[in-house]
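Asker: Mind looking at a prediction? Sequence and model below.
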Amino acid sequence: MSVMESILEQVKKRNPGEVEFHQAVEEVLQSLEPVIAKHPEFVESGLLERFVEPERQIMFRVPWLDDNGKTQVNRGFRVQFNSAIGPYKGGLRFHPSVYLGIIKFLGFEQILKNSLTGLPIGGGKGGSDFNPKGKSDNEIMKFCQSFMTELYRHIGHDLDVPAGDIGVGAREIGYLFGQYKRVKNAYEGGVLTGKGLTYGGSLARKQATGFGVIYFTNEMLKEHGLSYEGKTVVISGSGNVAIYACEKAQSLGAKVVAMCDSTGYIYDKDGIKLDTVKRIKEVERKRISEYVKDHPEAEYHDGQKGIWTIKCDVALPCATQNDIDVKEAQQLIDNGVTALGEGANMPCTNEAVNLFLDNKILVAPAKAANAGGVATSALEMSQNSMRLSWTFEEVDEKLHGIMVNIFKAAKDAAKEYGMEGNYVAGANIAGFLKVADAMMAQGLV
Ligand SMILES: NC(=O)C1=CN([C@@H]2O[C@H](COP(=O)(O)OP(=O)(O)OC[C@H]3O[C@@H](n4cnc5c(N)ncnc54)[C@H](O)[C@@H]3O)[C@@H](O)[C@H]2O)C=CC1
Ligand SMILES: O=C(O)CCC(=O)C(=O)O
């Protein structure tokens, strides 16, 4: 049994049933085979065994009263995975599917993603199995207050800095920040990112992940003599990442023809009218099916997976994990897809990614392509420390520069390790080397 196989076996044994975490670890370990061959000291020092084991995992009860005065109990999580290069940093996800395995896979991916940004941030992730869908504002606030009443003792601007993810946007961050300030009796702006603009948030954070996906994929397309101009694009999701990926792709001349939510997808052959999607999702918080009321020429279809049967040049999964399996990947390939940009975290199964790569489809991996969000969170932390605010253009320019650098790092690492054009392996290797170097320097901790 190889070193990597035995580490993966150990991960499966130690974390039974946490299939998403196993999947994320397996994918990364595979890419690191050539790194280990070049760096036997990583094996000798047991670095990989430490790399796949979170530094700390916190699970807690979150009791709250619903609008009927009934007690509800959810479970809260924060996995502080790796602090070799900076304080733990990563979002909070509120979704009924959340359990320790999901948070652990997200925290693990966050280590490498945050390293790729070139900024001093370690990896962590948190969340709850709380379902915000259908809850009143009052219930969301009560839940957030109860969640923070426990979480506050585990976070801090030099310790662990949460932000948003699925189900956690500006509204939730506001309630979480308010409660943190109250229980700590201190205004510590840098303890959360994704804050509102009136209390320490950064311009362009809202747009950053989606814009970053397009900046990264655009670099990848350019490298292969292509561009977004005139390309047909399909985007899964209609949340924060999907909306701003759509906006930037459209501004580069692409035609985005489809988007979805967890119930179904819309197909507008003339191009999605993004203002309508923003109103439905950001203001009214309704279903994507509402779109066809404004645009009867468009189609709505129940079931979200059907979106991948639509012919496109570029596919951008921006919803959730394992959205694209082998079946959907094959449909995209048969329909002539050229490039895939992962906006969501781990939106493709490992088998689907390998199928794309075997068919010479360009793949922009999530850890690199969606790193613009956390990078801009780190820029928000910098502004909080300096007690000043940059303009939208300043932040956007820095974000663009970061995404260009990440592409170059992934490209160069892939080439150096004999896998030219494989940005999946390149991103894993480039992200890992920095963390591994810091872990070696810091000794057995
Ligand atoms: N918000 C951020 O800054 C970042 C988010 N991400 C990732 O991007 C993805 C989307 O996150 P956000 O846009 O922030 O969340 P969001 O809560 O704003 O939107 C989530 C979207 O995904 C859809 N969705 C959720 N579960 C689904 C399912 N089972 N099937 C189909 N669609 C589903 C929702 O309907 C919604 O359109 C997630 O994988 C998240 O981890 C990655 C980097 C940063
Ligand atoms: O902005 C952040 O700190 C985290 C964003 C996030 O959760 C992610 O990159 O997946």
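Answerer: Yep, it's here. Ligands and ions are numbered 1, 2, ... in the order given.
Asker: Quick check, the residue in the stretch 101-250 of the chain closest to ligand 2?
Answerer: Closest contact between the stretch 101-250 of the chain and ligand 2, by Cβ to the nearest ligand atom, is at Ala163 (3.3 Å). Glycine gets a C-beta too; all of them are placed from N, C-alpha and C.
Asker: which bits of the stretch 151-300 of the chain sit near ligand 1?
Answerer: 164-167, 209, 237-242, 261-262 (Cβ under 6 Å from any ligand atom).
Asker: Could you pick out the buried ones from those?
Answerer: Gly164, Asp165, Ile166, Gly167, Thr209, Gly237, Ser238, Gly239, Asn240, Val241, Ala242, Asp261 (16 or more other Cβ atoms under 10 Å).
Asker: Take these and write them to CSV, including pLDDT.
Answerer: Output for those, formatted as CSV (pLDDT from 0 to 100):
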residue, pLDDT
Gly164, 98
Asp165, 98
Ile166, 98
Gly167, 97
Thr209, 98
Gly237, 98
Ser238, 98
Gly239, 97
Asn240, 97
Val241, 98
Ala242, 98
Asp261, 97
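Asker: out of the residues you listed, which are inside helices?
Answerer: Among these, DSSP state H puts Thr209, Asn240, Val241, Ala242 in helices.
Asker: center of the chain - which residue?
Answerer: Asn345 (4.4 Å; Cα atoms, centre = their mean).
Asker: Any chance of the backbone angles for that residue?
Answerer: Torsion angles at Asn345 (phi, psi; degrees, to the nearest 10) stand at phi -80, psi 130.
Asker: Where does the protein get nearest to ligand 1, which residue?
Answerer: For the chain and ligand 1, the shortest gap (Cβ to the nearest ligand atom) falls at Gly239, measuring 1.8 Å.
Asker: I'd guessed that residue sits against Val168; true?
Answerer: No: using Cβ atoms under 8 Å, Gly239 is not in contact with Val168, being 10.5 Å away.
Asker: Mind jotting down where the helices sit in the stretch 51-200 of the chain?
Answerer: Under the criterion DSSP state H, counting those that start in this stretch, helices of the stretch 51-200 of the chain are mapped to 100-116, 137-151, 170-184.
Asker: what's the last one in contact with?
Answerer: With Cβ atoms under 8 Å, 6 or more residues apart in numbering as the contact definition, helix 170-184 has outside contacts at 92, 94, 132, 137, 140-141, 144-145, 147-149, 151-152, 155, 162-164, 187-188, 191-196, 199, 201, 206.
Asker: Just the buried residues of those residues.
Answerer: Counted by 16+ other Cβ under 10 Å, the contacts of helix 170-184 give 92, 94, 132, 140-141, 144-145, 147-149, 151-152, 155, 162-164, 188, 191-195, 201, 206 as buried.
Asker: quick one, what contacts the nearest residue to Asn405 once chain neighbours are set aside?
Answerer: Closest residue to Asn405 apart from its sequence neighbours, by Cβ to Cβ, 6 or more residues apart in numbering: Gly118 at 6.2 Å. By Cβ under 8 Å, 6+ apart, the contact set of Gly118 is Ile402, Asn405, Ile406.
Asker: and the second one, how many neighbours?
Answerer: So that's Asn405. Residues lying near Asn405 (other Cβ atoms under 10 Å) number 15.
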